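Asks: Structure for this input, please:
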Amino acid sequence: MTRGGWRWWCAAAVTLGNLVCGFVAAWLALRAARGDGGVAWLAAVSGWVGLGVVLDQIDGPLARRWGVSSEAGKRLDGLADAVTFGAAPGLALAAAGGVWVWWGVAYAAAVWLRLGRVSMETSDAGAYFRGLPCPAAAMAAVGLAWFVAEPGRGPAWLGMLGAAGLCAWLVWVGVRFPRWGGIRASLGWRVFVVVGLAYAGVVAVRVGPPAGMGVAGWLYVAGGVAGWVRGALRRRSLRRSGHDGLGGGDGHLARAGRG
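Replies: Numbers count the residues shown, from 1 in each chain. Next comes the predicted model:
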């Protein structure tokens, strides 16, 4: 449906809210890069990115429910995602300085590449995302920015490994991550999400919002990667079983021929 009417403008306002959240988060990340209370600024970044994640989950379903989906709305949504889930977390990573400037650039570029690829797809149906969805990646990236913001929180190689994983899973579509509908349909995922969010809430209260958001994001990432590994091992086992069965059958026929 073409844009027009108060319903379209309401849905567009939600998307614009996501874009505003990204702009404010990016500005706060630049403040963190100045070294003036960097960790405190990162806490504010996590709050604005988190609000953007919530708004991003509302605008699309709202537009579809009201029948006001449009090409203009999709483009605006893509712009908001590029700022809130790409630029802002990338700047938060870059705020650590040094090599993290380049990791921030790589992360933002990976998000933009994914958004460009998703915009070419004609359908987003299905229970899974092909590749890591940008909102979850943003949550994990903000947590990673908190992890590397101050020395002593962990080894530098671990943070770089996490950044490399985010970039790879954003660009590579071989790993499937469940949509909320798929999570709701699976009791195992439901328990996983409830426990994960509860743990993330405890971490956010005791350590800080960026750490809590990072825990939630990385639990989602770990769940998707673990599912991919489990599926790969299952397929490998099935291939081996088929090969062994074929081999056994050939040997039996050979023995029968010799008899």
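
Asks: what's downstream of the helix or strand where W9 lies, the next helix or strand?
Replies: Using DSSP states H and E, W9 sits in helix 5-33. Later in the chain than helix 5-33, the nearest helix or strand by DSSP H and E is helix 38-66.

Asks: number of nearby residues for G86?
Replies: 26 (other C-beta atoms under 10 Å). (C-beta placed from N, C-alpha, C; glycine too.)

Asks: Number the chain from 45, please
Replies: With the count now opening at 45, the last piece we talked about shows up as G130.

Asks: doesn't C178 make contact with it?
Replies: Yes. Assessed by C-beta atoms under 8 Å, G130 is found in contact with C178 at 7.0 Å.

Asks: Please enumerate the shared neighbours of these two.
Replies: V155, L159 (C-beta atoms under 8 Å, 6 or more residues apart in numbering).

Asks: secondary structure class for F173?
Replies: strand (DSSP: H, G, I helix; E, B strand; the rest coil).

Asks: Next up, the contacts around it.
Replies: Contacts of F173 (C-beta under 8 Å, 6+ apart): R220, F221, P222, R223.

Asks: Adding neighbour count, distance to L277 and pLDDT, write those residues out as TSV.
Replies: Output for the contacts of F173, formatted as TSV (neighbours: other C-beta atoms under 10 Å; distance: C-beta to C-beta, whole Å; pLDDT from 0 to 100):
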residue	neighbour count	distance to L277	pLDDT
R220	18	15	81
F221	22	18	84
P222	22	19	79
R223	16	23	77
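
Asks: closest to A56 among these?
Replies: Using C-beta to C-beta, R223 is the member of the contacts of F173 that sits closest to A56, with 23.2 Å.

Asks: Which residue, other than its chain neighbours, is closest to the closest one?
Replies: Nearest residue to R223 in three dimensions, chain neighbours excluded: A171, at 5.8 Å (C-beta to C-beta, 6 or more residues apart in numbering).

Asks: quick one, what contacts the nearest residue to V269 once chain neighbours are set aside?
Replies: Of all residues not flanking V269 in the chain, V219 sits nearest, at 6.2 Å (C-beta to C-beta, 6+ apart). Contacts for V219 (C-beta under 8 Å, 6+ apart) come out as G175, L176, W213, G268, V269, W272.

Asks: what does L99 give?
Replies: Residues near L99 by C-beta under 8 Å, 6+ apart: V58, T59, G61, N62, C65.

Asks: ok, back up a step: can you name every helix or strand that the helix holding W53 contacts?
Replies: Under the contact definition 3 or more C-beta pairs under 8 Å, 6 or more residues apart in numbering; DSSP states H and E, helix 49-77 sits against helix 82-110, helix 115-125, helix 132-138.

Asks: Would you reformat these as TSV and include distance to V155?
Replies: As requested, the helices and strands packed on helix 49-77 are arranged in TSV below (distance: least, C-beta to C-beta, whole Å):
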stretch	distance to V155
helix 82-110	12
helix 115-125	8
helix 132-138	7
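
Asks: Deepest in the core, which of the ones you listed is it.
Replies: Sort the helices and strands packed on helix 49-77 by mean neighbour count, taking mean count of other C-beta atoms under 10 Å, and helix 132-138 sits at the top with a mean of 28.

Asks: Give the rounded mean pLDDT of that one.
Replies: Helix 132-138 shows a mean pLDDT of 93.

Asks: So what's the gap between the next helix or strand after it and the chain middle?
Replies: Per DSSP H and E, the first helix or strand lying C-terminal to helix 132-138 is helix 144-164. Put simply, helix 144-164 sits 12 Å off its chain's centre (C-alpha atoms, centre = their mean, to the nearest Å).

Asks: All set now, cheers.
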